[in-house]
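S.K.: Please find the sequence and the predicted model below.
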Amino acid sequence: MGMIRIILADDHKITRDGLRALLERQSDMRVVGEAANGREAIRLAIDLAPDVVVMDISMPELNGVEATRQIRESLPETKVIALSMYADRRYVIGMVKAGVSGYLLKNCAFDELVNAIGAVLNNESFLSPRIADTVMKDYTHILEHGEASAISVLSVREREVLQLIAEGLSTKEIAERIHVSVKTVETHRQQTMKKLDAKSVAELTKIALREGLTSLE
């Protein structure tokens, strides 16, 4: 295989700089793009068709789960590795369902990332031990209880709008951000509230936090 082309998606520049320095020490790896949120990550991935996207989970505007889902739909050949501070079950399962090939915790990522990239390009999965444990426990739980995520009833657009509402953006700001009319955002919000049986924006925000769509960093 030739040069491995990588995109880094993380809203902390210091993390991206550290990862870039590490990866570019490898003779066969090149960072071809950097994104500070999920929306930029999708746009860059579609433009550059990288081999691997290293994706933080809690990013503003569009989180890593949603960005991963959309990248995997558009570019089935591109592998995504999740990078997170959280070993929390909601984040892990959300990313696994969205189609990541690897999941690393930030505190051990520097050592493991190069190995993870090699593994996912060989069509293997790569999970930090704590993450593998979470996935196994959850899988057993789902087999026993057959539970689904509360937000699985929402469309892609509704999940995007829900995250932006939870992040405190106004209807007008959301409309500008995702390039639709104010009326369309209102419709999405009403539909979302109806589907989730939420009576207020505060309730919607609580659901978004609980489901790992956004975090209060």
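M.R.: Thanks, I have the structure now. In this text, all values refer to a predicted model and were calculated from it rather than measured experimentally. Residues are numbered from 1 along each chain as shown.

S.K.: dump the residue contacts of the most centrally placed residue in the chain.
M.R.: Most central in the chain under CA atoms, centre = their mean is residue 64, positioned 1.5 Å from the mean C-alpha point. By CB atoms under 8 Å, 6 or more residues apart in numbering, the residues touching residue 64 are 9, 38, 41, 55, 56, 57, 58, 82, 84, 95. Placement of C-beta: from N, CA and C, glycine included.

S.K.: Let's see which of these end up in strands.
M.R.: Among the contacts of residue 64, DSSP state E puts 9, 55, 56, 82, 84 in strands.

S.K.: Same list (the contacts of residue 64) but as a markdown table, adding pLDDT, neighbour count and distance to residue 203.
M.R.: Listed next are these as a markdown table, based on pLDDT from 0 to 100; neighbours: other CB atoms under 10 Å; distance: CB to CB, whole Å:
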| residue | pLDDT | neighbour count | distance to residue 203 |
| --- | --- | --- | --- |
| 9 | 96 | 29 | 29 |
| 38 | 93 | 29 | 24 |
| 41 | 96 | 30 | 29 |
| 55 | 94 | 30 | 28 |
| 56 | 91 | 25 | 27 |
| 57 | 88 | 28 | 23 |
| 58 | 85 | 20 | 20 |
| 82 | 93 | 29 | 28 |
| 84 | 86 | 23 | 26 |
| 95 | 85 | 28 | 25 |
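
S.K.: Of all pairs in those residues, which one is the farthest apart?
M.R.: 41 and 84 (14.4 Å; CB to CB).

S.K.: count of neighbours near the closest residue to residue 181 other than its chain neighbours?
M.R.: Nearest residue to residue 181 in three dimensions, chain neighbours excluded: residue 175, at 6.0 Å (CB to CB, 6 or more residues apart in numbering). Residue 175 sits with 20 neighbouring residues when counted by other CB atoms under 10 Å.
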